[in-house]
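In: Build me a model:
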Amino acid sequence: MKIKQLFALCILTILISTQASAQDNTPAFGVKFKGFVNYEMIYDSRQMVSARDGDVLLYPANVKLDPNGNDINESSSFNALAITSRLQMAITGPDAFGAKTSGMISGDFFGTANDKIGLFRLRQAFVKLKWDKATLLAGKAWHPLFAVEVFPKVLSFGAAIPFYPLSRAPQLRYTIDGAHFQWLVAISAQQDFSTAGPDGRTPSYQMHSGMPEFNSRLMYKGKNLLMGVGAGYWQVVPMQQTASGYKTDEAVESYLINSFAKLELSKLTIRGGALYGKNLTNLFMLGGFGVTSISTDASLEQKYEGIAASSVWTELETKNKSINVGLFAGYTKNHGTSTEIIGDVYGSGTTIDNTYRIAPRVTYTSGKVKLGIEGIYQSTAYGTRDEFAKVINTEPVDGLRILSSIVYFF
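Out: The predicted model follows:
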């Protein structure tokens, strides 16, 4: 009897040891916190069209005359903020479906609107499954056409909008990685980066279309050269009922085509890109849409067309250990519509024909602290819209921003 008990005890010990060994070989959950504290001081030579207490610069404000003919917007301003300070939690865990698993949650104090400044907002939250040559991402992350490998590294918050498309979006993204090529396809939705329309900026226009946004991107990765092209298509439904109370589901067709490249030299990085699209306000670009027809029957149903816009940008940045200089230059233009606009126009910068920006910067890094100063000169051509939403009879309005920052990374 004792021999049987001893044998059973040995078997039980072996099973427990085997299970413990298997558990030891299984990756455990891990959480790593990182982020930065960012303090900014901003001086503007005139009033700017901006967001979040002036932190996000779009373009100089148009001339606004008082009864004496003085430009009300021709006055300087100063502000200091720390609302872009960020906290990020990187998560790793056990394998699943034969893939390495990871996740990330990050946020800052930027808020989702001007009246929510200082409140913690969700920037990204996603889970990622990575196989040998493929990756599946689900959650809120950078927009599929925002190339994290190539975007302006300006000090000013917002990645140089409205010259480069900026958005984070809930999405389902599948990426295939080859030796030199990467291809991704994704479906996404709008959230805090949303289309401008009759009720302001809201994701409901895209939700009411009943379909996601479709995106695809192809990228080449060489030793020193990276190049890519991408395209996206989506629809928005501005109204669910007409002004006379009839049901409507008329949509605005929207799309984006973009390209980007980066060249790494021994002491210099060169980045650049170009894009063209229609109704790009969810990406904080110029444009929007307008009403092209109104039915003559009782329904008063409207049809729409997106306003086209394009941009081109380039950037040079040195690659030294401590002191680095950079130079950004960008140009964006409103191309209007192909059909006559007979009704309302909704969008961003719809009285702007074009705007360009030149922004040199200098940074000094010591350990985990980076000091920076950036000058931003921007000229914007304001005018009046014609029947095709093109802007004519323009006059330039210039503005200068000087921004300094102290960033502590952890």
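In: Tell me where the stretch 51-200 of the chain has strands.
Out: Taking DSSP state E, counting those that start in this stretch as the test, the strands found in the stretch 51-200 of the chain are 56-60, 77-81, 86-96, 99-108, 121-130, 134-142, 168-177, 181-188, 196-197, 200-201.
In: Tell me how confident the model is about the second one, as a mean pLDDT.
Out: Averaged across strand 77-81, the pLDDT comes to 96.
In: and it, which residues are buried?
Out: Taking 16 or more other C-beta atoms under 10 Å as the basis for neighbour counts, the residues of strand 77-81 that come out buried are residue 81. (Glycine included, C-beta is placed from N, CA and C.)
In: Mind giving me the packing neighbours of it?
Out: Packing partners of strand 77-81 (3 or more C-beta pairs under 8 Å, 6 or more residues apart in numbering; DSSP states H and E): strand 30-44.
In: Please name every helix or strand in contact with the strand it packs on.
Out: By 3+ C-beta pairs under 8 Å, 6+ apart, strand 30-44 packs against strand 77-81, strand 86-96, strand 391-409.
In: where's the last one relative to the chain centroid, distance-wise?
Out: Chain-centre distance of strand 391-409: 19 Å, with C-alpha atoms, centre = their mean, to the nearest Å.
In: ditto for the second one
Out: The gap between where strand 86-96 is centred and where its chain is centred comes out at 22 Å by C-alpha atoms, centre = their mean.
In: where do the helices sit along the stretch 301-410 of the chain?
Out: With DSSP state H, counting those that start in this stretch as the definition, the stretch 301-410 of the chain shows no helices.
In: Low-confidence stretches in it?
Out: Counting by pLDDT under 70, the stretch 301-410 of the chain has no low-confidence residues at all.
In: residues near the nearest residue to residue 355 once chain neighbours are set aside, how many?
Out: The shortest distance from residue 355 to any residue other than its chain neighbours is 4.0 Å, reached at residue 380 (C-beta to C-beta, 6 or more residues apart in numbering). Number of residues near residue 380 (other C-beta atoms under 10 Å) recorded here: 25.
In: If residue 380 is in a bridge, with which residues?
Out: residue 355, residue 397 (DSSP bridges).
In: wait, isn't it in contact with residue 394?
Out: No. Taking contacts as C-beta atoms under 8 Å, residue 380 lies outside contact range of residue 394: 9.1 Å.
In: Tell me how far residue 209 lies from residue 258.
Out: To residue 258, residue 209 is 22 Å away according to C-beta to C-beta, to the nearest Å.
In: And the two? Which one has more around it.
Out: Counted by other C-beta under 10 Å, residue 209 and residue 258 do not tie: residue 258 has more neighbours, with 23 against 18.
In: Three-state assignment for the more buried one, please.
Out: Three-state secondary structure (criterion: DSSP: H, G, I helix; E, B strand; the rest coil) places residue 258 in strand.
In: could you list every residue that touches residue 293?
Out: 302-303, 342 (C-beta atoms under 8 Å, 6 or more residues apart in numbering).
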